[in-house]
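Enquirer: For reference, the sequence and a predicted model appear below.
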Amino acid sequence: MMPRLQEIISQFQQVDGGLLPLLHEIQSAFGYIPREAEPEIAKALNLTRADVHGVISFYHDYRRAPAGRHVLKLCRAEACQSMGSEAQAKALLDHLGLNWGETSADGRITIEAVYCLGLCATAPSALFDDQPIGRTNADRLITLAEAAA
């Protein structure tokens, strides 16, 4: 992993404001941002480890561990909440025995919270492997999660 990490870092080392694109590229390459990458990134970009860690932890799309083979993102914004998304999410998480951000033991699916998908007209909404789904309900979400192979 370290040779590939160093290769990616070197691509962004001289780019002004290169931290975000660098993090995107690392996550694209590895599926997550390894903790051991933080000091390497900080050193290369002349930042503190706290700066790097702060950016990674601030943006919810950056992962600290590999995601499952499928990712189901459930909208938790107000429009979706008003249409019952919280009860649907609870039913799904309880059914799978997961909490927000966790991956099933078999690595099949990761459930993530997002705070607005811009699909308010079809609330409650979700993204399944980056494909939008509108007018969700608990049964539909459970069926989708169970069918994910």
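Expert: Done, it's in.
Enquirer: From now on I want contacts and neighbour counts done on CA atoms only, so please keep to that.
Expert: Noted.
Enquirer: Surely residue 75 is in contact with residue 85?
Expert: Yes: between residue 75 and residue 85 there is a contact under CA atoms under 8 Å: 7.3 Å.
Enquirer: Count the residues that sit near residue 40.
Expert: Residues near residue 40, counting by other CA atoms under 10 Å, number 18.
Enquirer: Nearest residue to the middle of this protein?
Expert: residue 61 (3.9 Å; CA atoms, centre = their mean).
Enquirer: and it, what pLDDT?
Expert: Note on residue 61: pLDDT of 86.
Enquirer: same check, this time on the one 3 residues further on
Expert: On the pLDDT scale, residue 64 is placed at 92.
Enquirer: got the residue ranges for the helices in this structure?
Expert: 2-12, 19-30, 37-45, 49-58, 78-82, 85-96, 138-147 (DSSP state H).
Enquirer: Nearest to residue 117, out of those helices?
Expert: Residue 117 sits nearest to helix 78-82 of all the helices of the chain, at 9.6 Å, using CA to CA.
Enquirer: Next, the buried residues of that closest one.
Expert: Residues of helix 78-82 classed as buried by neighbour count (16 or more other CA atoms under 10 Å): 79, 80, 81.
Enquirer: And that helix, what does it pack against?
Expert: The helices and strands touching helix 78-82, judged by 3 or more CA pairs under 8 Å, 6 or more residues apart in numbering; DSSP states H and E, number zero.
Enquirer: residues making contact with it?
Expert: Residues from elsewhere that reach helix 78-82 (CA atoms under 8 Å, 6 or more residues apart in numbering): 120, 123, 124, 125.
Enquirer: Let's see that helix as PDB, backbone CA atoms only.
Expert: What follows is helix 78-82, C-alpha atoms only, in PDB (Å, rounded to 0.1, in the frame of the first residue of the first chain):
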ATOM      1  CA  GLU A  78     -36.000  17.400   7.200                       C
ATOM      2  CA  ALA A  79     -38.100  16.600   4.100                       C
ATOM      3  CA  CYS A  80     -37.400  12.900   4.300                       C
ATOM      4  CA  GLN A  81     -37.900  12.900   8.100                       C
ATOM      5  CA  SER A  82     -41.300  14.400   7.600                       C
END
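Enquirer: No further questions, thank you.
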